[in-house]
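[1] Sequence plus predicted model, see below.
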4 protein chains.
Amino acid sequence: MDFEYSARTRALRERLDAFMAEHVYPAERRYFEEVAADRWGPPPILEELKQRAKAAQLWNLFLPDSDHGAGLTNVEYAPLCEVMGRVHFSSQIFNCSAPDTGNIETLIRYGSKSQNARWLPKLLDGETRSAFAMTEPEVASSDATNIRSTIVRDGDDYVVNGHKWWISGVGDRNCELIIFLGVSNAEAPKHNRHSMILIPRNAPGVEVIRPLTVFGYDDAPHGHMEMVFDNVRVPAENMLLGEGRGFEIAQGRLGPGRIHHCMRLIGLAERCLELMCRRVKSRIAFGRPIGEQSVTLERIAEARILIDQARLLIMKAAWMMDTVGNKVARTEIAMIKVAAPNMACKVIDWAIQAHGAAGLSEDFILANYYAHARKLRFADGPDEVHRNQIGRLELAKYEAA
Amino acid sequence: MDFEYSARTRALRERLDAFMAEHVYPAERRYFEEVAADRWGPPPILEELKQRAKAAQLWNLFLPDSDHGAGLTNVEYAPLCEVMGRVHFSSQIFNCSAPDTGNIETLIRYGSKSQNARWLPKLLDGETRSAFAMTEPEVASSDATNIRSTIVRDGDDYVVNGHKWWISGVGDRNCELIIFLGVSNAEAPKHNRHSMILIPRNAPGVEVIRPLTVFGYDDAPHGHMEMVFDNVRVPAENMLLGEGRGFEIAQGRLGPGRIHHCMRLIGLAERCLELMCRRVKSRIAFGRPIGEQSVTLERIAEARILIDQARLLIMKAAWMMDTVGNKVARTEIAMIKVAAPNMACKVIDWAIQAHGAAGLSEDFILANYYAHARKLRFADGPDEVHRNQIGRLELAKYEAA
Amino acid sequence: MDFEYSARTRALRERLDAFMAEHVYPAERRYFEEVAADRWGPPPILEELKQRAKAAQLWNLFLPDSDHGAGLTNVEYAPLCEVMGRVHFSSQIFNCSAPDTGNIETLIRYGSKSQNARWLPKLLDGETRSAFAMTEPEVASSDATNIRSTIVRDGDDYVVNGHKWWISGVGDRNCELIIFLGVSNAEAPKHNRHSMILIPRNAPGVEVIRPLTVFGYDDAPHGHMEMVFDNVRVPAENMLLGEGRGFEIAQGRLGPGRIHHCMRLIGLAERCLELMCRRVKSRIAFGRPIGEQSVTLERIAEARILIDQARLLIMKAAWMMDTVGNKVARTEIAMIKVAAPNMACKVIDWAIQAHGAAGLSEDFILANYYAHARKLRFADGPDEVHRNQIGRLELAKYEAA
Amino acid sequence: MDFEYSARTRALRERLDAFMAEHVYPAERRYFEEVAADRWGPPPILEELKQRAKAAQLWNLFLPDSDHGAGLTNVEYAPLCEVMGRVHFSSQIFNCSAPDTGNIETLIRYGSKSQNARWLPKLLDGETRSAFAMTEPEVASSDATNIRSTIVRDGDDYVVNGHKWWISGVGDRNCELIIFLGVSNAEAPKHNRHSMILIPRNAPGVEVIRPLTVFGYDDAPHGHMEMVFDNVRVPAENMLLGEGRGFEIAQGRLGPGRIHHCMRLIGLAERCLELMCRRVKSRIAFGRPIGEQSVTLERIAEARILIDQARLLIMKAAWMMDTVGNKVARTEIAMIKVAAPNMACKVIDWAIQAHGAAGLSEDFILANYYAHARKLRFADGPDEVHRNQIGRLELAKYEAA
């Protein structure tokens, strides 16, 4: 047993930390100001920092494929996600942000040569962004069999129809590609009914209805969009892997994204705990620093315990994915999905409390980050779905007995 | 012991319920649309509904003084707050919204004849609004001795200087009056240092810097403002009650506002629980309504218990205020300040969870109402300050022993 | 609305408080010593105090029937339960302890003249005790349709067979009567299958197998017994009310018992909070009293809030029982069943924590009282059953809509 | 990073698992029966199993010193503690039980040749047991500077006086040695005032006053004793390491014991979760197994998450002790002290709830194990002391800034 990160990870983390300290933390305010001025374009500071990151060879770190990326395992990459998670927009600086990471991996693993020739280079270069269209408003889409959108073959084309929402990243003017999940073979067995297909953002019939908000935040320019796909026609060659293989692809892309999200939440929580500590050391109430109150010390201690425990669980899930694969690791992958966002919500809420009402305002990142962590209790299905699954897997251990 | 509301309250509540059903719930969407179109003016629908409420004699219900208002006791009025709390902007419809209610009461109780002649009629008529400027950004103002703003006599005037924030209601274009708390007698004994003074919103030197946000909401047109008072000069007659009597006035206005806020939170929580119930009855996941899952039933049950317990505690606090006065009731008043917003946050969070990600968006009022309830854990001082006070009062019972 | 107890209750409470102070608190140690010396007989101190209570006319206070008892309503009697709950054995002193109270009420309401002539006088006089045999080990008896014991007519007799446990009070050597619930008409509609029958403790075939423990406590001399009823033969006239009417009787006895239990838990929690307060005022750690730590103050404050809220909810349930009856009050009766023991467990656990390891020992009543409160999360069915019911009743409000 | 246990640990664990399955689980009932029959002697089954364990070379596994024991690191030994923790008395079978392990390590590390010649062989052989006398009733002994017992030089002897309690293991008739902590140099600097001295259990003046109970359990034959040391005279050579070096020794023995306790709690919690799972699969209520209720599945899922997170945190603390030492690992050692018993209490409480009232009785180990886990929230100081320390260490990170 060894809890030390690999030499490679330690070196990368050091460089990443240095980059964050030199370039990212000081740019936070400018980022928000530029977004306020031009809500749906990538803010200039982001493009500037992307060039710096590329120059510093902190680019596409997420890719296990060493031809295109850093060639890191999940265990090696996860600690870098934590660092990036400290500033919510920073993973984009390193071309490591969702949903592009999942989409790029999907293309590399399942895309045809011509599909990849068309879409990959610009995505890998950070020139364009992409989106993943799965969730639908009318149904509980944590149960994927509820999905209603259709992908129908018509001559050399497919015609796509559907109503989707919470489509993240499509707000960005640079978004050019949407990977779309829909029903292609309604009569097939349950797990062969769905397909994934590539849809250019500017295809006729692709329409953004509105950005959705999360606690009042629209998360521009990234955005979470409600969209309609109205008789969108794409060439048959845009089908990914083959008709009816949508579930297969969905399974494949699941695990790593969870690790990334969860480790970014660790970084988020650490950042908020740091803000809390700095605040309570300096803030005086009734004659002494809040940080000397035992109730504050208790919360800091609990935060430290919760964060460290969650990090270890995520790292173990990553290690299992690397060593025994997603399928065996499915309990662990479900567990971190429940543990990490709940942990982050608790820690951030304490940090907010330590800041007084200011903690709810835009003067600190805390309320914004709380909204983000709260949202992740729904991404990929609400807590309840995952707890049910974990519970069932636990009970199954006693099946034979 | 009698848990029945008085006949008067029951009759008013019935009329209020009917008014809400007929006029307010159906106008919710229009309210938000009008605010989106013109952020800082009172939306036309509000003015329209105010006229209707006046016509229905559902106006100034909060006023214990029967010359100007309904002449209800706290116990009689509190259940009406619950009804109004179901829609966050509705208390304004009945001219019962904070901080105007507290300001009007302050004027009636402590204002001079000429002060009241100038300000009261338009406030009582709902023509203008008012604000209360106490909280300051640089200090923990839950400890009022930290307040730094100054009110200095200069000939026939007072000159006011200070940096304030979280000044609610000043966003509204109809706001004409600010009651300002500052230090007038720095050398006086601790509780005689502060004064309250009346400042016209349009006095030179009164400047709004920005609206603050709570999570991502600016609560327009009400608003929570950061403000600067830069050498604001007002005639000496604007002083309330007399120099150095700020604390005395602050004490006097404290109790009823707490009751109102807390009972509105009851209404808020009831409304969100209703939304939750309706949702889980209709929403199907994995083949059956979410509402048949025991985990959902448990949360609904806990919500019902939490709400009913909190309501009873608030009503008891109201009853004590009516029968033995604010001072004796100070433990109860502190207790509801802790209990009600925490209860509401829990209930609303469960309601959000039952709605899936949609519960975080603007399609439901839930996230907005969560933000409101969360903010009330800071208003009049954070939970911690009140819990400390309650704990100390409890320990004091064993002093003699 | 009126939160004041009636004059009658206040007067009785004052006398009860005085009696507790003069006679009961000082006798606590002696009680435990006498029980240690003779585990299954009523300790002499108890018999002595019963005579005193009778002399003080603090006797049979629970009986709504003013012929035999105090003739108090639920609202009037409940606050007396709180006082008695402060010392776990004290309700017996006033002939107000479970399960005798429920059994006496059952007899008065449903017993025949001859049944009552035989059993009531000695029970009302406190000379004998009684038990209620319902719960069975093999099944989840919170679902009463699971009950398997049988009551079979055989000539002029009934023959009773069954395996029961958690039969409280039967440990006491003075216990002479058992009210037994079993299936008499297996083929009848679900709610007409069961009967209640009176069984003398010394009838042949009635056997105590062992006392059960709760966290290591056997609660002697009261005791929670596992019992076998092996072909116990009783005369047909021992049937209560009539064959197949067991459920009807069970419903009738339900509500008041809940109020009593829950209000005693309020007293229990108040007592433990008092112990906690006294402890933290005097106990020094790291240079100052634990009671000055904000984490201690927070817990005391939360305890005060939890206790006061639970008391109000119970009193409201009692008031509803008095005014609209058990059936309409069934949500409230279910709510207090969940709220009160959970509240007590939390408060007592904090009190234990404030005492250090000593809080777990027999030097304080805390661990014993925790065990008692924890057990009450199972009595009459576990929390989960009641929360499910409350949740369903809440959802039913939206049925028509 | 590597989450796999070492080959050596895996092999030992397999053998230990097999031993438990073959010999220990089947002997549980017999153990309790024998203890009931002879409360303060080691039950015959225990002695029998000790011989088997010795024969199976599963003996003294805890000893890092490979001359006397298995020579395992903390990381290697900790997973074996988990297995032993599944049955509360089983670590004694393998001569791995507290406080003997700590005492043996203390002797090996700090004992003189003659001290060790006298005491070690029989302890290592499992022939005798030992105790550690530190905690005192009159003071908050989590703050060690409060300790009042005295060790005074008198010619060639030391004279020991003191009132101690919670002295575990001294109940056992085989206990022959007590390591005693007291003040020897009251005027010395704070950390040089205390000494540890070896006291034979049968020395004149050593008196057991009573066994203390935890909830209602006296944990016989192990026992937690209140003791008086009344002018106990021992030869000067019984002083450990030297006068005034008590703290130094106390520090040294701290870390490993924590790891052992905490990993045993993991085993305890796993065992209780297993019981819970088996129960809910078979127990039917309202027509279906409790295990299909989502509220049950949620608790099982949360239990799985809590247990796995706590285990990882403990293993990391063990790894840090092995690689960077107790001092650097002090935050982690404090964290597991808080996390593990609280986790265990939660998990066991859910397991109890799933068993109905039976879960509180002696028919299951659950209530007994809850009592044990609850007690460990006090051992080595209550949670609050450790949370304060963790909080302070966290704040200290921002000192320079």
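    Arrived safely, thanks for sending. Numbers count the residues shown, from 1 in each chain, chains lettered A, B, ... in the order given.
[2] Residue numbers of the stretch 151-300 of chain A in contact with chain C?
    A:293-298 (C-beta under 8 Å from any C-beta of the partner chain). C-beta here means a position set from N, CA and C on the backbone, and glycine is covered the same way.
[3] 7 Å - rerun?
    A:293-295, A:298 (C-beta under 7 Å from any C-beta of the partner chain).
[4] burial count for whichever residue of the stretch 301-401 of chain A sits closest to chain D?
    As assessed by C-beta to the nearest C-beta, chain D sits closest to residue A:391 within the stretch 301-401 of chain A, at 3.0 Å. The local packing of residue A:391 (other C-beta atoms under 10 Å in any protein chain shown) involves 27 other residues.
[5] before we move on, what about residue A:89?
    Neighbours of residue A:89 using other C-beta under 10 Å come to 22.
[6] and it, what does it touch?
    By C-beta atoms under 7 Å, 6 or more residues apart in numbering or on different chains, residue A:89 lies in contact with A:31, A:46.
[7] circling back to that earlier point, now for the nearest residue to the residue of the stretch 301-401 of chain A closest to chain D once chain neighbours are set aside: which residues touch it?
    Sequence neighbours aside, residue D:297 is the residue nearest to residue A:391 in space, at 3.0 Å (criterion: C-beta to C-beta, 6 or more residues apart in numbering or on different chains). With contact taken as C-beta under 7 Å, 6+ apart, residue D:297 is in contact with A:387-388, A:391-392.
[8] Shouldn't residue A:162 be within a strand?
    Yes: if the criterion is DSSP: H, G, I helix; E, B strand; the rest coil, then residue A:162 is within a strand.
[9] Across the sheet, point out what pairs with it.
    Under DSSP bridges, the beta-bridge partners of residue A:162 are residue A:229.
[10] got a list of what it touches?
    By C-beta under 7 Å, 6+ apart, the neighbours of residue A:162 are A:136, A:149-150, A:182, A:229.
[11] got it, and residue A:214?
    By C-beta under 7 Å, 6+ apart, the residues touching residue A:214 are A:224, A:371, A:375, B:360-361.
[12] Residue D:301 is in contact with the residue of the stretch 301-401 of chain A closest to chain D, correct?
    Yes: contact criterion C-beta atoms under 7 Å: residue A:391 and residue D:301 qualify, at 4.5 Å.
[13] Can you tell me the strand partners of the helix-or-strand element of chain A with minimal mean pLDDT and which way each runs?
    Least confident element among the helices and strands of chain A, by mean pLDDT, DSSP states H and E: strand A:284-285 (a mean of 80). Take DSSP bridges as the rule and strand A:284-285 pairs in its sheet with strand A:288-289 (antiparallel).
[14] can you pull out the helices in the stretch 51-200 of chain A?
    Secondary structure of the stretch 51-200 of chain A, counting by DSSP state H, counting those that start in this stretch: helices at A:74-85, A:90-93, A:100-110, A:113-124.
[15] Residue C:16: which of the ones you listed is closest?
    helix A:74-85 (60.5 Å; C-beta to C-beta).
[16] The residue of the stretch 51-200 of chain A found nearest chain D: neighbouring residues, count only.
    Closest residue of the stretch 51-200 of chain A to chain D, C-beta to the nearest C-beta: residue A:75 (5.1 Å). By the criterion of other C-beta under 10 Å, residue A:75 has 23 neighbours.
[17] near chain B, which residues of the stretch 251-400 of chain A?
    Proximity of the stretch 251-400 of chain A to chain B (C-beta under 7 Å from any C-beta) is limited to residues A:283-286, A:295, A:353, A:356-357, A:360-362, A:367, A:371, A:374-375, A:378, A:382, A:384.
[18] Same list (the contacts of residue A:214) but as JSON lines, adding neighbour count and pLDDT.
    Below are the contacts of residue A:214 laid out as JSON lines (neighbours: other C-beta atoms under 10 Å in any protein chain shown; pLDDT from 0 to 100):
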{"residue": "A:224", "neighbour count": "25", "pLDDT": "96"}
{"residue": "A:371", "neighbour count": "23", "pLDDT": "98"}
{"residue": "A:375", "neighbour count": "20", "pLDDT": "97"}
{"residue": "B:360", "neighbour count": "27", "pLDDT": "97"}
{"residue": "B:361", "neighbour count": "26", "pLDDT": "96"}
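[19] so where do the strands sit in chain A?
    A:129-133, A:150-154, A:157-168, A:175-183, A:194-200, A:206-212, A:224-235, A:284-285, A:288-289 (DSSP state E).
[20] Deepest-packed of the ones you listed, please.
    A comparison of the strands of chain A by mean neighbour count, using mean count of other C-beta atoms under 10 Å in any protein chain shown, puts strand A:129-133 on top with a mean of 26.
[21] on that earlier part again, go back to the residues of the stretch 151-300 of chain A next to chain C and keep what's next to chain D.
    Applying C-beta under 7 Å from any C-beta, the subset of those adjacent to chain D comprises A:294, A:298.
[22] Tabulate the residues of the stretch 151-300 of chain A next to chain C (TSV), appending pLDDT.
    TSV is the format used below for those (pLDDT from 0 to 100):
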residue	pLDDT
A:293	92
A:294	93
A:295	95
A:298	97
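[23] Out of the residues of the stretch 151-300 of chain A next to chain C, which is nearest to residue A:18?
    Distance to residue A:18 across these (C-beta to C-beta) is lowest for residue A:298, with 33.9 Å.
[24] wait, isn't the closest one in contact with residue D:387?
    Yes: between residue A:298 and residue D:387 there is a contact under C-beta under 7 Å: 4.7 Å.
[25] how many neighbours does residue A:128 have?
    Neighbour tally, residue A:128, other C-beta under 10 Å: 17.
[26] Now residue A:239: closest residue in space that isn't a chain neighbour?
    Residue A:239 sits nearest to residue A:197 (C-beta to C-beta, 6+ apart), 5.3 Å away.
[27] ok, now which ones touch the residue in the stretch 51-200 of chain A that chain B sits nearest to?
    Going by C-beta to the nearest C-beta, chain B is nearest to residue A:140 of the stretch 51-200 of chain A, at 4.0 Å. The neighbourhood of residue A:140, defined by C-beta under 7 Å, 6+ apart, consists of A:146, B:283-285, B:356.
[28] Show me what the lengthiest helix in chain A is packed against.
    For chain A, the helix with the greatest residue count under DSSP state H is helix A:246-282. Here helix A:246-282 touches helix A:74-85, helix A:100-110, strand A:194-200, strand A:288-289, helix A:294-323, helix A:330-354, helix A:366-375, helix D:383-396, going by 3 or more C-beta pairs under 7 Å, 6 or more residues apart in numbering or on different chains; DSSP states H and E.
[29] Return the set of buried residues in it.
    A:246-250, A:252-253, A:255-277, A:279-281 (16 or more other C-beta atoms under 10 Å in any protein chain shown).
[30] pLDDT of that helix, averaged?
    Throughout helix A:246-282, pLDDT has a mean value of 93.
[31] related to what we said a few turns ago, between the helices of the stretch 51-200 of chain A, which one is nearest to residue A:209?
    Taking C-beta to C-beta, helix A:100-110 is the member of the helices of the stretch 51-200 of chain A nearest to residue A:209, at 21.8 Å.
[32] does residue A:24 really touch residue A:90, like I thought?
    Yes: using C-beta under 7 Å, residue A:24 is in contact with residue A:90, at 5.1 Å.
[33] just for the stretch 251-400 of chain A, where's the confidence low?
    Along the stretch 251-400 of chain A, the parts satisfying pLDDT under 70 run over A:400.
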